[in-house]
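> One predicted model, sequence on top.
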Amino acid sequence: MDFSFTPEQEDLRREARAFLEQHPSPSMDQLAELGWVGILRSEDFTYLDAAVLFEELGRVLYDGPYVLNEVAAQPGDEIWSIEIDGFVPHLAQVGRVLTPDMQGTAAQGETLTTVDETLGLGRVSPNGAERAEGDWLEVRRRLLTALALEAVGIGSKAVELAVAFAKEREQFGKKIGTYQAISHSLVDAYVAVELARSLALWAAWSVAEGDDAAELAAAAAKSQAAEAAVLACEKSIQAHGGIGFTWEHPLHRYYKRALWLEGALGYGREHRAEIARSLLGYSPARPPGSARRPPVALSSAAGRSTPRCVAQATRRPARSSSSSTSPTPTRSPPRRRRSAPWTRSWTTQASRSLRRSSSCRPRS
């Protein structure tokens, strides 16, 4: 089985990276000329093709509504955004907004001032709501996977900036990349991002093929990728030193976007709890605290023998039926802790040297 990208997808990645390096903030008209708009509604492309574009857009910190418009996948020529946790990204750049109850409303509301100015978050006013096409669970799976792919692009770019800086910056006559404090932290970030890329591509394949594990894969990809992007940005800022958190350097913008991605549609702990419920056999229709299997009783009265280790750990001391009380057991004094042999030898030698030096002093 071949898990690599097709030659057409590799060509798409190469062309997309070259174009976005020259135009990091393309308009929707420019993207439509390239044939990228409506890629998920086309029969010639799959979600894996869109995954290539989503990751490359994350690398350049794209600040437009293209990704959400493709995830919404609504018919017509209007540009769509999606309401995420009560906020609408790029509210001023779209015409319609898709809400979690699958209603399409006009993009009218107030624009908010946020830390990440490239998002253009706003609150929509429900005006002229109409029923939208599709199912929210499918939209949510596509959205989680798209956010994971965007986070992978951000994390890989942050690691790339840090590695390039560590190869050039010198301190104490050496490249700072030769010091373990720098190299080990960047390796940790690289490993986290590569693991996130594998999970994001698994989620993209699952969504494209309609696999039964698509929901599980999307939750795993979003959990790992968003946290990996935050980790990569933090490690990159630390490797850059003082220049890393200045306003002129682009790292702080990547870091802000990564922090938003981490919290969008739930933090990693929430998605991992969802994964745990799925793996441990909890039914989605049941409350999160109720298991499919009844708990095993610890007492032997339930008809099962209690394991010896559990019985010893849970058994309480029996009370005597007689009125006479048993004598209080004597507690042995605590043992004196002895220092290590090398510590004793060192202190012994030090005390001998001190006595020797004091005995040689002339008396007054």
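Here it is on my side, so go on.
> Would you confirm that residue 229 contacts residue 197?
No: here residue 229 does not reach residue 197: they are 11.0 Å apart, not a contact under CB atoms under 8 Å. (C-beta placed from N, C-alpha, C; glycine too.)
> Let me see the ranges of the helices in the stretch 151-300 of the chain.
For the stretch 151-300 of the chain, the helices defined by DSSP state H, counting those that start in this stretch occupy 180-209, 214-240, 251-263, 268-279.
> what comes into contact with the shortest one?
Identification of contacts with helix 268-279 by CB atoms under 8 Å, 6 or more residues apart in numbering yields 215-216, 219-220, 222-224, 226-227, 262, 284, 288.
> Shouldn't residue 40 be within a helix?
No: counting by DSSP: H, G, I helix; E, B strand; the rest coil, residue 40 is not part of a helix but coil.
> coming back round to it: show me the common contact partners of residue 229 and residue 197, please.
Overlap between the neighbourhoods of residue 229 and residue 197 consists of residue 152, taking contacts as CB under 8 Å, 6+ apart.
> which of these two has more neighbours?
Higher neighbour count among residue 229 and residue 197: residue 229, with 34 against 22, using other CB atoms under 10 Å.
> Provide a list of residue ranges in the stretch 51-200 of the chain with pLDDT below threshold.
Counting by pLDDT under 70, the stretch 51-200 of the chain shows no low-confidence range.
> those strands in the chain, which residues are they?
With DSSP state E as the definition, the chain shows strands at residue ranges 80-82, 96-98, 103-106, 109-111, 122-124, 130-131, 170-171, 174-175.
> need the ones you listed in JSON lines with distance to residue 70 and mean neighbour count, can you?
Below are the strands of the chain laid out as JSON lines (distance: least, CB to CB, whole Å; neighbours: other CB atoms under 10 Å):
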{"stretch": "strand 80-82", "distance to residue 70": "9", "mean neighbour count": "24"}
{"stretch": "strand 96-98", "distance to residue 70": "12", "mean neighbour count": "25"}
{"stretch": "strand 103-106", "distance to residue 70": "16", "mean neighbour count": "18"}
{"stretch": "strand 109-111", "distance to residue 70": "22", "mean neighbour count": "13"}
{"stretch": "strand 122-124", "distance to residue 70": "19", "mean neighbour count": "19"}
{"stretch": "strand 130-131", "distance to residue 70": "20", "mean neighbour count": "8"}
{"stretch": "strand 170-171", "distance to residue 70": "44", "mean neighbour count": "10"}
{"stretch": "strand 174-175", "distance to residue 70": "42", "mean neighbour count": "12"}
